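1. Fold the following for me, if possible:
(one chain, ligands or ions: 2)
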Amino acid sequence: MSELTLGVIGGSGLYAMEELTEVEEIRLQTPFGEPSDAYICGRLGAVRLVFLPRHGRGHRYLPSEVPYRANIYGMKMLGVDRILSVSAVGSMKEQIAPGHMVVPDQFIDRTTGKRANSFFGDGIVGHVQFADPLCPALAESLYQAAHAAGATVHQGGTYVCIEGPTFSTRAESRLFRSWDAAVIGMTNLPEARLAREAEICYATLALATDYDCWYEGHEDVSVEAVLAIVRQNVAMARRIIAELAGRLAAERRCGCGEAARFAVMTAPAAIAPAARQRLSLILDKYFKDETA
Ligand SMILES: CSC[C@H]1O[C@H](OP(=O)(O)O)[C@H](O)[C@@H]1O
Ligand SMILES: Nc1ncnc2[nH]cnc12
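-> Ligands and ions are numbered 1, 2, ... in the order given. Here you go, the predicted structure:
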């Protein structure tokens with residue numbers, strides 16, 4: 001049986017995991033280019049943890065520039081089957097106050113198509129299900145972990161993913177509220193799509209840092225305000241990660257590990273050899289079925 005491995009993608013304000021032991025940095029090249037940074041691999045209790053700062057160390061990539069495909073593919077190369085994203089978000093609901101945690105269960109896509117957010121294409125066509133875009137089992141464990149760590153945590157809610165890098169207009173912010181969005185961010189949707197295609201469970205620990213710009217009497221979002229709240233809560237985020245690591249079951253019982261089984265539309269003989277090679281890490285087990 002393979003070792004229990006948790007991938008963690010750190011967002012704004014979470015660029016390292018100091019509590020890891022037996023640390024090793026791994027720099028990868030993937031068929032989809034170079035990830036945001038070296039992966040920091042180590043141990044957290046009984047679990048192997050693979051950490052990647054989404055925006056790179058020093059925060060060098062815009063949300064639209066993050067090499068999402070390389071980041072997720074690199075996790076797959078390192079044997080990760082569950083990814084926790086830790087992200088700063090704006091709150092779209094009064095009851096989600098800055099400093100609270102949210103474990104979202106849905107997304108709305110307000111990105112503008114600039115991001116490569118599928119491993120399919122270029123010689124192979126595939127479509128995976130995405131009705132429940134975050135892994136329900138990992139999200140439930142995450143909620144329990146946050147609760148146990150003493151956080152104020154909200155279970156479920158829709159994360160609206162905007163392109164950025166500018167924050168939203170007041171009219172947009174009000175529109176997203178009318179859509180019942182719970183939180184707003186710029187990064188998690190492409191990761192969730194790619195993780196599903198790569199058959200990796202994905203859940204988000206969203207740290208509410210601001211009320212975006214819809215709430216009269218509260219300051220409009222700014223980088224300064226976001227970073228101040230992240231700094232106050234990063235220790236809690238780390239406690240939650242450790243709690244979650246301690247709660248991971250050896251075997252996954254969700255469907256994420258078979259998400260690509262019936263995804264491919266292209267006739268086997270029509271798949272471009274380069275595409276087959278590029279996706280071998282994800283699809284080889286099914287290609288083997290088909291030749292058996
Ligand atoms: C610094 S505010 C905007 C920035 O923060 C969030 O980043 P992440 O999801 O990586 O924590 C948001 O998505 C924006 O990228
Ligand atoms: N209000 C907001 N909009 C988009 N991304 C954010 N990240 C943190 N706060 C945000």
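
2. From now on I want contacts and neighbour counts done on CA atoms only, so please keep to that.
-> Will do.

3. Shouldn't residue 88 be within a strand?
-> Yes: assigned with DSSP: H, G, I helix; E, B strand; the rest coil, residue 88 falls within a strand.

4. For it, list each beta-bridge partner.
-> Beta bridges link residue 88 to residue 207 when assigned by DSSP bridges.

5. need the contact list for it.
-> Residues in contact with residue 88, defined by C-alpha atoms under 8 Å, 6 or more residues apart in numbering, are 11-12, 185, 206-209, 226, 230.

6. hmm, which two among these are most spread apart?
-> Using C-alpha to C-alpha, the contacts of residue 88 span at most 14.0 Å, a distance reached by 185 and 230.

7. neighbour count winner among those two?
-> In terms of neighbours (other C-alpha atoms under 10 Å), residue 230 is the more surrounded of residue 185 and residue 230; the figures are 25 against 22.

8. helix, strand or coil for the more buried one?
-> Of the three states, residue 230 takes helix according to three-state DSSP.

9. Check the contacts of residue 88 one by one and keep those near ligand 2.
-> Filtering the contacts of residue 88 for proximity to ligand 2 by C-alpha under 6 Å from any ligand atom leaves 185, 209, 226.

10. Out of the residues you listed, list just those in strands.
-> With strands defined by DSSP state E, the entries of these inside them are 185, 209.

11. Correct me if wrong: residue 5 contacts residue 46.
-> No: under the criterion of C-alpha atoms under 8 Å, residue 5 lies out of contact with residue 46, with a separation of 9.5 Å.

12. of these two, who's got more company?
-> Neighbours around residue 5 and residue 46, counted as other C-alpha under 10 Å, are more numerous at residue 5. The numbers are 25 against 11.

13. beta partners of that one?
-> The residues listed as beta-bridge partners of residue 5 by DSSP bridges are residue 48.

14. How much space separates it from residue 68?
-> Remark: distance between residue 5 and residue 68 (C-alpha to C-alpha, to the nearest Å) = 20 Å.

15. Equivalent analysis for residue 6, please.
-> Where residue 68 is concerned, residue 6 sits at a distance of 18 Å (C-alpha to C-alpha).

16. Which one of those two is surrounded by more residues?
-> Comparing residue 6 with residue 68 by neighbour count (other C-alpha under 10 Å), the higher total belongs to residue 68, at 30 against 26.

17. need the contact list for the more buried one.
-> The contact partners of residue 68, taken as C-alpha under 8 Å, 6+ apart, are 35, 116-117, 190-191, 194.

18. Neighbour count added to these, as JSON lines?
-> Shown next, in JSON lines, are these (neighbours: other C-alpha atoms under 10 Å):
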{"residue": "35", "neighbour count": "26"}
{"residue": "116", "neighbour count": "16"}
{"residue": "117", "neighbour count": "18"}
{"residue": "190", "neighbour count": "23"}
{"residue": "191", "neighbour count": "22"}
{"residue": "194", "neighbour count": "24"}
